[in-house]
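Peer 1: got a predicted structure plus its sequence, pasted below:
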Amino acid sequence: HLGDPRTPLVDSVRALVEERTGKRPCGPVRLLTNFRHFGLLMNPNATFTDGRVNPFGVAKIREAVNMLVDREYVKQEIFGGLGAAKYSTMVGVFPDYARYIEVNRALEAKYAFNIEKAKGIIDAEMTTLGATKNADGKWLLPDGKPWKITFMSGTVLSNHDARNAAAAVQQWKKFGIDAE
(Lines give C-alpha, C1' and ligand atoms only; values in the text may rest on other atoms or scores of the structure.)
Protein backbone atom coordinates (compact mmCIF):
# COMPACT_ATOMS: atom_id res chain seq x y z
CA HIS A 1 0.00 0.00 0.00
CA LEU A 2 1.05 3.57 -0.55
CA GLY A 3 0.85 5.85 2.49
CA ASP A 4 -1.46 5.32 5.42
CA PRO A 5 -3.33 1.99 5.02
CA ARG A 6 -6.46 3.65 6.43
CA THR A 7 -6.51 6.09 3.50
CA PRO A 8 -8.01 4.88 0.21
CA LEU A 9 -5.25 4.10 -2.27
CA VAL A 10 -6.67 6.46 -4.89
CA ASP A 11 -6.41 9.35 -2.39
CA SER A 12 -2.83 8.41 -1.51
CA VAL A 13 -1.89 8.37 -5.20
CA ARG A 14 -3.48 11.79 -5.79
CA ALA A 15 -1.70 13.21 -2.72
CA LEU A 16 1.68 11.88 -3.91
CA VAL A 17 1.20 13.34 -7.40
CA GLU A 18 0.21 16.67 -5.83
CA GLU A 19 3.25 16.61 -3.54
CA ARG A 20 5.63 15.99 -6.44
CA THR A 21 4.02 18.19 -9.11
CA GLY A 22 2.13 20.85 -7.19
CA LYS A 23 -1.15 19.85 -8.89
CA ARG A 24 -3.75 17.43 -7.55
CA PRO A 25 -5.26 15.24 -10.28
CA CYS A 26 -9.03 15.02 -10.19
CA GLY A 27 -9.74 12.55 -13.00
CA PRO A 28 -10.02 8.79 -12.67
CA VAL A 29 -6.99 6.76 -11.61
CA ARG A 30 -6.86 3.83 -13.99
CA LEU A 31 -3.72 1.87 -13.05
CA LEU A 32 -2.53 1.77 -9.48
CA THR A 33 0.20 -0.79 -9.82
CA ASN A 34 2.77 -2.05 -12.25
CA PHE A 35 2.76 -5.52 -13.76
CA ARG A 36 4.19 -8.22 -11.57
CA HIS A 37 5.65 -11.58 -12.41
CA PHE A 38 4.97 -14.47 -10.07
CA GLY A 39 7.80 -16.79 -10.94
CA LEU A 40 9.60 -19.73 -9.45
CA LEU A 41 13.32 -19.58 -8.77
CA MET A 42 15.34 -22.79 -8.47
CA ASN A 43 18.83 -23.34 -7.09
CA PRO A 44 20.94 -24.31 -10.14
CA ASN A 45 23.97 -25.62 -8.21
CA ALA A 46 24.70 -29.25 -9.13
CA THR A 47 25.45 -30.21 -5.52
CA PHE A 48 24.80 -28.76 -2.11
CA THR A 49 27.71 -27.84 0.16
CA ASP A 50 27.30 -31.15 1.99
CA GLY A 51 27.75 -33.07 -1.28
CA ARG A 52 24.11 -34.04 -1.85
CA VAL A 53 22.95 -34.09 -5.47
CA ASN A 54 20.61 -31.26 -6.45
CA PRO A 55 18.37 -32.28 -9.38
CA PHE A 56 17.82 -28.59 -10.16
CA GLY A 57 21.50 -28.46 -11.06
CA VAL A 58 20.41 -30.05 -14.35
CA ALA A 59 18.95 -27.46 -16.74
CA LYS A 60 16.69 -30.03 -18.42
CA ILE A 61 15.08 -30.86 -15.06
CA ARG A 62 14.48 -27.18 -14.32
CA GLU A 63 12.87 -26.83 -17.74
CA ALA A 64 10.76 -29.98 -17.30
CA VAL A 65 9.48 -28.86 -13.90
CA ASN A 66 8.23 -25.70 -15.61
CA MET A 67 6.16 -27.94 -17.88
CA LEU A 68 4.45 -29.33 -14.78
CA VAL A 69 2.96 -25.95 -13.89
CA ASP A 70 -0.46 -25.53 -15.45
CA ARG A 71 -0.40 -21.76 -15.81
CA GLU A 72 -4.02 -21.60 -16.99
CA TYR A 73 -5.10 -23.45 -13.84
CA VAL A 74 -3.06 -21.03 -11.71
CA LYS A 75 -4.59 -18.05 -13.52
CA GLN A 76 -8.17 -19.35 -13.18
CA GLU A 77 -8.14 -21.03 -9.79
CA ILE A 78 -5.54 -19.09 -7.85
CA PHE A 79 -5.92 -15.61 -9.34
CA GLY A 80 -9.64 -15.72 -10.14
CA GLY A 81 -9.15 -15.53 -13.90
CA LEU A 82 -7.14 -12.32 -13.68
CA GLY A 83 -3.79 -11.92 -15.36
CA ALA A 84 -2.11 -13.87 -18.09
CA ALA A 85 -0.05 -17.04 -18.22
CA LYS A 86 3.61 -16.04 -18.46
CA TYR A 87 6.57 -17.94 -19.80
CA SER A 88 9.10 -15.12 -19.79
CA THR A 89 9.50 -11.71 -18.18
CA MET A 90 7.67 -10.02 -21.05
CA VAL A 91 4.01 -9.13 -20.68
CA GLY A 92 1.80 -9.63 -23.73
CA VAL A 93 0.48 -6.07 -23.66
CA PHE A 94 3.94 -4.50 -23.94
CA PRO A 95 5.37 -3.57 -27.34
CA ASP A 96 8.49 -5.71 -26.78
CA TYR A 97 6.33 -8.83 -26.57
CA ALA A 98 5.14 -8.19 -30.12
CA ARG A 99 8.62 -7.16 -31.20
CA TYR A 100 9.94 -10.57 -30.12
CA ILE A 101 6.77 -12.51 -30.88
CA GLU A 102 8.58 -15.49 -32.46
CA VAL A 103 10.80 -15.92 -29.39
CA ASN A 104 7.85 -15.55 -27.00
CA ARG A 105 5.65 -18.01 -28.90
CA ALA A 106 8.52 -20.52 -29.01
CA LEU A 107 8.93 -20.24 -25.22
CA GLU A 108 5.19 -20.64 -24.71
CA ALA A 109 5.19 -23.79 -26.83
CA LYS A 110 8.34 -25.22 -25.24
CA TYR A 111 7.17 -24.74 -21.64
CA ALA A 112 3.46 -25.39 -22.12
CA PHE A 113 1.81 -27.66 -19.54
CA ASN A 114 2.80 -31.16 -20.67
CA ILE A 115 2.98 -33.89 -18.04
CA GLU A 116 4.12 -36.66 -20.41
CA LYS A 117 6.94 -34.63 -21.92
CA ALA A 118 8.08 -33.50 -18.46
CA LYS A 119 7.94 -37.06 -17.15
CA GLY A 120 10.12 -38.34 -19.99
CA ILE A 121 12.73 -35.64 -19.42
CA ILE A 122 12.74 -35.98 -15.62
CA ASP A 123 12.88 -39.79 -15.76
CA ALA A 124 15.87 -39.73 -18.13
CA GLU A 125 17.80 -37.02 -16.27
CA MET A 126 17.14 -38.39 -12.78
CA THR A 127 18.30 -41.85 -13.90
CA THR A 128 21.48 -40.26 -15.28
CA LEU A 129 22.04 -38.66 -11.85
CA GLY A 130 21.83 -42.13 -10.27
CA ALA A 131 18.40 -41.60 -8.74
CA THR A 132 15.82 -44.40 -8.51
CA LYS A 133 12.09 -44.60 -7.89
CA ASN A 134 10.63 -46.25 -4.79
CA ALA A 135 7.51 -48.44 -4.69
CA ASP A 136 5.32 -45.32 -4.43
CA GLY A 137 6.81 -43.89 -7.61
CA LYS A 138 8.71 -41.13 -5.79
CA TRP A 139 12.30 -40.29 -6.69
CA LEU A 140 15.12 -41.27 -4.35
CA LEU A 141 18.41 -39.44 -4.79
CA PRO A 142 21.68 -41.39 -5.05
CA ASP A 143 22.06 -41.22 -1.23
CA GLY A 144 18.68 -43.02 -0.89
CA LYS A 145 16.85 -39.96 0.46
CA PRO A 146 13.69 -38.70 -1.28
CA TRP A 147 13.86 -35.80 -3.70
CA LYS A 148 12.00 -33.14 -1.77
CA ILE A 149 11.29 -29.64 -2.97
CA THR A 150 10.73 -27.01 -0.32
CA PHE A 151 9.20 -23.71 -1.37
CA MET A 152 10.16 -20.57 0.45
CA SER A 153 7.50 -17.88 0.24
CA GLY A 154 5.15 -15.95 2.41
CA THR A 155 2.63 -18.07 4.29
CA VAL A 156 -0.40 -15.80 4.10
CA LEU A 157 -2.53 -17.07 1.24
CA SER A 158 -3.76 -13.56 0.46
CA ASN A 159 -0.17 -13.01 -0.74
CA HIS A 160 0.15 -13.80 -4.46
CA ASP A 161 3.58 -15.39 -4.06
CA ALA A 162 2.28 -17.79 -1.41
CA ARG A 163 -0.72 -18.74 -3.57
CA ASN A 164 1.54 -19.27 -6.59
CA ALA A 165 3.85 -21.52 -4.54
CA ALA A 166 0.88 -23.41 -3.10
CA ALA A 167 -0.43 -24.07 -6.63
CA ALA A 168 2.96 -25.38 -7.80
CA VAL A 169 3.25 -27.62 -4.72
CA GLN A 170 -0.23 -29.01 -5.38
CA GLN A 171 0.54 -29.70 -9.05
CA TRP A 172 3.98 -31.22 -8.41
CA LYS A 173 2.57 -33.52 -5.72
CA LYS A 174 0.07 -34.86 -8.28
CA PHE A 175 3.07 -35.69 -10.46
CA GLY A 176 4.76 -37.54 -7.59
CA ILE A 177 7.31 -34.96 -6.50
CA ASP A 178 7.53 -34.56 -2.72
CA ALA A 179 6.97 -30.84 -2.32
CA GLU A 180 5.98 -28.55 0.51
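Peer 2: Perfect, I can see it now. Numbers count the residues shown, from 1 in each chain.
Peer 1: state the distance from the nearest residue to residue 177 once chain neighbours are set aside to residue 117.
Peer 2: The shortest distance from residue 177 to any non-neighbouring residue, by CB to CB, 6 or more residues apart in numbering, is to residue 149 (6.0 Å). The C-beta positions use only the backbone N, C-alpha and C, and glycine is treated the same way. In this view, residue 149 and residue 117 are 19 Å apart by CB to CB, to the nearest Å.
Peer 1: got it, and residue 73?
Peer 2: From residue 73 across to residue 117, the span is 17 Å (CB to CB).
Peer 1: one more: residue 175?
Peer 2: In terms of CB to CB, residue 175 sits 12 Å off from residue 117.
Peer 1: check what pLDDT the nearest residue to residue 82 once chain neighbours are set aside gets.
Peer 2: Distance criterion CB to CB, 6+ apart; nearest residue to residue 82, sequence neighbours excluded, is residue 75 at 7.4 Å. Looking at residue 75, its pLDDT reads 76.
Peer 1: quick one: furthest residue from the center of the chain?
Peer 2: residue 22 (40.5 Å; CA atoms, centre = their mean).
Peer 1: next, count neighbours for the residue nearest to residue 177.
Peer 2: By other CB atoms under 10 Å, 17 other residues sit near residue 149.
Peer 1: cool, residue 48 as well?
Peer 2: By the criterion of other CB under 10 Å, residue 48 has 11 neighbours.
Peer 1: which phi and psi does residue 151 have?
Peer 2: In terms of degrees, to the nearest 10, the main-chain angles of residue 151 are phi -90, psi 140.
Peer 1: quick one: the helices in the protein?
Peer 2: Assignment of helices within the chain using DSSP state H yields the ranges 9-21, 59-67, 71-73, 95-99, 101-110, 115-129, 160-175.
Peer 1: can you redo those as CSV with mean neighbour count and distance to residue 86?
Peer 2: Shown next, in CSV, are these (neighbours: other CB atoms under 10 Å; distance: least, CB to CB, whole Å):
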stretch, mean neighbour count, distance to residue 86
helix 9-21, 13, 25
helix 59-67, 18, 11
helix 71-73, 15, 7
helix 95-99, 11, 10
helix 101-110, 13, 9
helix 115-129, 16, 18
helix 160-175, 17, 11
